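Asks: just the structure for this:
(2 chains)
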Amino acid sequence: AQSVTQPDIHITVSEGASLELRCNYSYGATPYLFWYVQSPGQGLQLLLKYFSGDTLVQGIKGFEAEFKRSQSSFNLRKPSVHWSDAAEYFCAVGGSARQLTFGSGTQLTVLP
Amino acid sequence: DAGVIQSPRHEVTEMGQEVTLRCKPISGHNSLFWYRQTMMRGLELLIYFNNNVPIDDSGMPEDRFSAKMPNASFSTLKIQPSEPRDSAVYFCASSPRPSLAQKPYNEQFFGPGTRLTVL
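Replies: Numbering: from 1, shown residues only, chains lettered A, B, ... in the order given. Down below sits the predicted model:
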């Protein structure tokens, strides 16, 4: 069975600081990996995705993520956080089936 | 493209009443997913359809919940009778046909959600 762990429930960073959100997955084959962002009162929006090729993927809003097979990780990064990045972030894993398995989310607070 | 459309955006009802949530997926998408999000349980997959056929309803909490997809452009999630513990945000998401999409095929596009409050 596939699973996703986001070990950090809540992260606080100052505006302009760098950010890394952790995601570990469990999947028996090559996974498809996703990061979604949810702003308050909104649905989930796709930030980026990985399925093969270059292990460093670029997404929208200046985010990137790196797939590390040896560590079963797909951490999300941003070099300089903006106040508008405050939101909840979800990592998800999928495979040949249509459904995705989502992590429990990491709430990001950005201090001025 | 209008994206996934959900209605109503907010619903307040009393315990015991029937609640119907509606979803219109993105045109051309052939998979549809219903999720429930709460503080306690996070994001839970309730049921998903492929080509209008329910594939996995193991996440439906109990018989009070039912979902239908009569055609490719419409789905409903019904709760009858509703209970206070059903209060949550309900999301609908859709995925494109693999033949028309780039990999990974299971990218999901989410609607804005329906916030349900059962008093």
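Asks: what's the neighbour count on A:Thr30?
Replies: Using other C-beta atoms under 10 Å in any protein chain shown, A:Thr30 is surrounded by 13 other residues. All C-beta spots, glycine's among them, are computed from the backbone N, C-alpha and C.
Asks: what sits closest to it if chain neighbours are left out?
Replies: Leaving aside its sequence neighbours, A:Thr30 sits nearest to A:Ser52 (C-beta to C-beta, 6 or more residues apart in numbering or on different chains; 7.1 Å).
Asks: spatially central residue for chain A, please.
Replies: Note on chain A: the residue nearest the mean C-alpha position is A:Trp35, at 3.7 Å, using C-alpha atoms, centre = their mean.
Asks: run through the bridge partners of that one.
Replies: A:Leu48, A:Cys91 (DSSP bridges).
Asks: quick one: low-confidence parts of chain B?
Replies: B:1, B:99-105 (pLDDT under 70).
Asks: what parts of it come near chain A?
Replies: B:4, B:31, B:33, B:42-43, B:45, B:48, B:50, B:55-56, B:91, B:93, B:95, B:103-113 (C-beta under 8 Å from any C-beta of the partner chain).
Asks: tell me which element the most centrally placed residue in chain B is part of?
Replies: Centroid-nearest residue in chain B, with C-alpha atoms, centre = their mean: B:Trp34, separated by 2.7 Å. B:Trp34 belongs to strand B:29-38 when assigned by DSSP states H and E.
Asks: packing partners of that strand?
Replies: strand B:42-50, strand B:74-79, strand B:88-96 (3 or more C-beta pairs under 8 Å, 6 or more residues apart in numbering or on different chains; DSSP states H and E).
Asks: number of residues surrounding residue 28?
Replies: Using chain A here. Neighbours of A:Gly28 (other C-beta under 10 Å): 8.
Asks: oops, wrong one, chain B.
Replies: B:Gly28, neighbours per other C-beta under 10 Å, totals 12.
Asks: next: the one 4 residues further on.
Replies: For B:Leu32, the tally of surrounding residues (other C-beta under 10 Å) stands at 29.
Asks: and it, what does it touch?
Replies: For B:Leu32, the contacting residues are B:23, B:25, B:48-49, B:69, B:75, B:92-95, by C-beta atoms under 8 Å, 6 or more residues apart in numbering or on different chains.
Asks: who wins for neighbours among those residues?
Replies: B:Cys92 (28 neighbours).
Asks: ok, it - contacts?
Replies: Residues in contact with B:Cys92 (C-beta under 8 Å, 6+ apart) are B:4, B:6, B:21, B:23, B:25, B:32-35, B:75, B:77, B:110-111.
Asks: quick one: low-confidence ranges for chain A?
Replies: In chain A (pLDDT under 70), the answer is A:96.
Asks: what does it put close to chain B?
Replies: Counting by C-beta under 8 Å from any C-beta, chain A comes close to chain B at A:32, A:34, A:36, A:42-46, A:49-52, A:90, A:94-95, A:97-100, A:102, A:104-105.
Asks: just to revisit the earlier point, could you find the closest non-adjacent residue to the residue nearest to the centre of chain B?
Replies: B:Leu46 is the one closest to B:Trp34 (C-beta to C-beta, 6+ apart), at 4.4 Å.
Asks: weed out the non-buried ones from the residues of chain B next to chain A.
Replies: B:4, B:31, B:33, B:42-43, B:45, B:48, B:50, B:56, B:91, B:93, B:95, B:104-113 (16 or more other C-beta atoms under 10 Å in any protein chain shown).
Asks: pretty sure B:Met60 sits against B:Ala67.
Replies: Yes - in this structure, B:Met60 is within contact of B:Ala67 by C-beta atoms under 8 Å, at 7.2 Å.
Asks: okay, and the common contacts of these two?
Replies: B:46-47.
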